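A.B. asks: coords below, sequence missing:
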């Protein structure tokens, strides 16, 4: 009982769904212009010109046949001829809109020609109306899915069958189902084939673009890997030698002093830390997603590591004092990293260019900005010549500028050098400085 009662409910539901789908397919009149030819470029609009010529040709052909073969007078033949040509033109830009205009024009022609049909004349289609409508079907099938093409041909065949069966004039020779179905079926199949070729070419071009982007990405990764290998071969080798020599040196001296042992241990520790940092940077270079903050190899020191950095510099023989002001609080990773790197680079410059000087490091947490100040006095020991290229200040300015901050560096009035930086605590609120700086 339950099965018999449920069956009648499911059939109308399925039928309504099918009718709704077909109606949605056939009543969409959104613009979808006829695509241009891609190659050669100077023939890009050749299809549009040919369709336009066909619209003009069918306009005159339908007008002539209505006037001479069906003996229609007045402005009706010209109006129907213009509507026939207009439906072809409209189909170039709105496929379903042009189809319904051509269908309405065909129905109008069948209505006005039925009283004038004599023996040997076709009805409801004109001899020139069949190829004109076949062109419309071809243009529609070029831009709609195959399902819609089948629905279009089915509508036309159904209307032809109704007209031929119910309204056929006694003296007329009606166009058969075979003629209509064969002509419009071939037009639909041709349009479907051309559409499939066009879509395949588009997908191939998109795949070629993706392949080119992937090739460029692989080239970049290979270049980064090459740089990583060169850095490892050059820098890691020398740092390893320094570490080993610092470890062996106390054993080469009789009764080494505790100060010598401590300095050599500091040299070895710094070398090992430099090797660890180098491995992290090389891991970033080798990574395919180096910009991902979640990358475990990405070095992310913060201001919380500042004390360890200062202790390390003190062990190298530099007198460093630190002072913090304001309410210390966690900042965004980019600000934390930039602030740490600026202090690190400034202290490295003090070690190289101001040995034996006194260094003051100040960190001030403001309401909206983070203020850094690294100042050193005159050096008390001779300054050795540096083989560096002098890109430290430039790098610090670029780091501050990327966050929309500022960095100023220059000599102090009483001697020495000073680096001050202002970094916004929320870089998203300020535009980044893209002008950069010069060292």
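C.D. replies: Cool, the structure landed. These numbers were taken from a predicted model, which means no experiment stands behind them.

A.B. asks: Verify the contact between residue 137 and residue 151 for me.
C.D. replies: No - the pair residue 137 and residue 151 does not pass the contact test of C-beta atoms under 8 Å, sitting 11.4 Å apart. Heads up, the C-betas are built off the backbone N, CA and C, glycines and all.

A.B. asks: Count the residues that sit near residue 330.
C.D. replies: Look at residue 330: counted by other C-beta atoms under 10 Å, it has 10 neighbours.

A.B. asks: likewise residue 64?
C.D. replies: 13.

A.B. asks: got the contact list for residue 156?
C.D. replies: Residues counted as contacts of residue 156 (C-beta atoms under 8 Å, 6 or more residues apart in numbering) are 103, 133, 137, 180, 184.

A.B. asks: min pLDDT across the residues you listed, which one?
C.D. replies: Minimum pLDDT for the contacts of residue 156 is recorded at residue 180 (87).

A.B. asks: Name the nearest residue to that residue, ignoring sequence neighbours.
C.D. replies: Using C-beta to C-beta, 6 or more residues apart in numbering and skipping residues adjacent in sequence, the residue nearest residue 180 is residue 160, 5.0 Å away.

A.B. asks: How about stretch 377-385, which residues are buried there?
C.D. replies: By neighbour count on 16 or more other C-beta atoms under 10 Å, the buried set for stretch 377-385 is 377, 379.

A.B. asks: Now tell me what touches it from outside.
C.D. replies: 352, 353, 354, 355, 356, 357, 358, 359, 415, 416.

A.B. asks: Mind doing that once more with 6 Å?
C.D. replies: With contact meaning C-beta atoms under 6 Å, 6 or more residues apart in numbering, stretch 377-385 is reached by 353, 354, 355, 356, 357, 358, 415, 416.

A.B. asks: Now the fourth one. Nearest residue, chain neighbours left out?
C.D. replies: For residue 356, ignoring the flanking residues on the chain, the nearest one in space by C-beta to C-beta, 6+ apart is residue 380 at 3.4 Å.

A.B. asks: got it, and the first one?
C.D. replies: For residue 353, ignoring the flanking residues on the chain, the nearest one in space by C-beta to C-beta, 6+ apart is residue 383 at 5.9 Å.

A.B. asks: quick revisit: output the contacts of stretch 377-385 in a markdown table, with neighbour count, pLDDT and secondary structure appended to each entry.
C.D. replies: As requested, those are exported to a markdown table (neighbours: other C-beta atoms under 10 Å; pLDDT from 0 to 100; DSSP: H, G, I helix; E, B strand; the rest coil):
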| residue | neighbour count | pLDDT | secondary structure |
| --- | --- | --- | --- |
| 353 | 16 | 84 | helix |
| 354 | 21 | 85 | coil |
| 355 | 16 | 84 | coil |
| 356 | 16 | 83 | coil |
| 357 | 21 | 87 | coil |
| 358 | 16 | 91 | strand |
| 415 | 12 | 86 | coil |
| 416 | 18 | 89 | coil |
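
A.B. asks: can you list those in JSON lines and add distance to residue 221?
C.D. replies: Below are these laid out as JSON lines (distance: C-beta to C-beta, whole Å):
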{"residue": "353", "distance to residue 221": "37"}
{"residue": "354", "distance to residue 221": "41"}
{"residue": "355", "distance to residue 221": "41"}
{"residue": "356", "distance to residue 221": "45"}
{"residue": "357", "distance to residue 221": "43"}
{"residue": "358", "distance to residue 221": "46"}
{"residue": "415", "distance to residue 221": "49"}
{"residue": "416", "distance to residue 221": "45"}
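
A.B. asks: Which single one of the residues you listed is nearest to residue 22?
C.D. replies: Nearest to residue 22 among these is residue 353, at 82.3 Å by C-beta to C-beta.

A.B. asks: where's that closest one relative to residue 74, distance?
C.D. replies: 102 Å (C-beta to C-beta, to the nearest Å).

A.B. asks: what's the answer for residue 156, then?
C.D. replies: 28 Å.

A.B. asks: and the helix or strand where residue 279 lies, what's its mean pLDDT?
C.D. replies: Using DSSP states H and E, residue 279 maps to helix 258-286. What helix 258-286 shows for mean pLDDT is 75.

A.B. asks: Which of the contacts of residue 156 fall in helices?
C.D. replies: Judged by DSSP state H, the contacts of residue 156 include 103, 133, 137, 180, 184 as members of helices.

A.B. asks: And those residues, which two are furthest apart?
C.D. replies: Counting by C-beta to C-beta, the most remote pair of the ones in helices among the contacts of residue 156 is 103 and 180, 12.9 Å apart.

A.B. asks: Which one's more surrounded, those two?
C.D. replies: Per other C-beta under 10 Å, whichever of residue 103 and residue 180 has more neighbours is residue 180, with 22 against 17.

A.B. asks: for stretch 89-101, the distance to its chain's centre please.
C.D. replies: Centroid separation for stretch 89-101 versus its chain: 33 Å, with C-alpha atoms, centre = their mean, to the nearest Å.

A.B. asks: buried set for it?
C.D. replies: Those would be 89, 90, 91, 92, 94, 95, 96, 97, 98, 99, 100, 101, for stretch 89-101 by 16+ other C-beta under 10 Å.

A.B. asks: quick one: which of those residues is nearest residue 141?
C.D. replies: Among those, residue 95 lies closest to residue 141 (C-beta to C-beta), at 8.5 Å.

A.B. asks: Low-confidence ranges, the chain, go.
C.D. replies: Of all residues in the chain, those with pLDDT under 70 make up the ranges 1-12, 170-176, 224, 228-234, 236-237, 240, 281-300, 384-391, 427-439.

A.B. asks: If we use 50, what do you get?
C.D. replies: By pLDDT under 50, the weakly predicted segments of the chain are 1-10, 290-298, 389, 431-439.

A.B. asks: Any chance of a markdown table for the ones in helices among the contacts of residue 156, columns distance to residue 253?
C.D. replies: Rendered in a markdown table, the data for the ones in helices among the contacts of residue 156 read as follows (distance: C-beta to C-beta, whole Å):
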| residue | distance to residue 253 |
| --- | --- |
| 103 | 105 |
| 133 | 105 |
| 137 | 99 |
| 180 | 108 |
| 184 | 102 |
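
A.B. asks: contacting residues for the closest residue to residue 194 other than its chain neighbours?
C.D. replies: Closest residue to residue 194 apart from its sequence neighbours, by C-beta to C-beta, 6+ apart: residue 142 at 5.8 Å. Contacts for residue 142 were tallied using C-beta under 6 Å, 6+ apart; they are 191, 194, 195.

A.B. asks: May I see the buried residues of the helix or strand encompassing residue 334?
C.D. replies: Under the criterion of DSSP H and E, residue 334 resides in helix 333-353. Judged by neighbour count using 16+ other C-beta under 10 Å, the buried positions of helix 333-353 are 334-347, 349-350, 353.
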